[in-house]
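1. no sequence for this one, just the structure:
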């Protein structure tokens, strides 16, 4: 939103609209009230204690250089890449375990069918 030309206050007003989730409304309302009191965005975000310290540092750097939109996009890309790496690592463990469980179920079904046949052949 910042990249498309919206100000931080307009963006926060969109966050506190009636159609937004409750969490966005609460965070947007607190940030907007602190901005209206004259606090910088980085200090306002730091007061909430829900944002990562990296994000606060990036906001401060963006405020100093007047490139907050680009800095936030960079941070988004970094967080997205970290999340994708963690997801791929998690699935690299889940997939083999799931295949092993499915394989064991299939083998157990075949054995449950074949054991009675083998026991009947042994009796003959």
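-> Perfect, thanks for sending it. The model shown is predicted, which means the values in this text are computed figures rather than measured ones. Residues are numbered from 1 along each chain as shown.

2. quick one: contacts for residue 97?
-> Applying Cβ atoms under 8 Å, 6 or more residues apart in numbering, one finds that residue 97 lies in contact with no residue. C-betas here are computed from N, CA, C, even on glycine.

3. Correction: the previous question concerned residue 42.
-> 56, 59, 60, 63.

4. If we use 10 Å, what do you get?
-> By Cβ atoms under 10 Å, 6 or more residues apart in numbering, residue 42 lies in contact with 51, 55, 56, 57, 58, 59, 60, 61, 62, 63, 64, 68.

5. for residue 105, same thing?
-> So residue 105 contacts nothing (Cβ under 10 Å, 6+ apart).

6. how close does it get to residue 62?
-> To residue 62, residue 105 is 53 Å away according to Cβ to Cβ, to the nearest Å.

7. So which of the contacts of residue 42 is the closest to residue 9?
-> residue 68 (13.1 Å; Cβ to Cβ).

8. Which strand or helix spans the closest residue to the closest one other than its chain neighbours?
-> Counting by Cβ to Cβ, 6 or more residues apart in numbering, residue 68 lies nearest to residue 62, which is 3.2 Å off, once chain neighbours are set aside. Taking DSSP states H and E as the criterion, residue 62 maps to helix 53-65.

9. That concludes my questions; thank you for your assistance.
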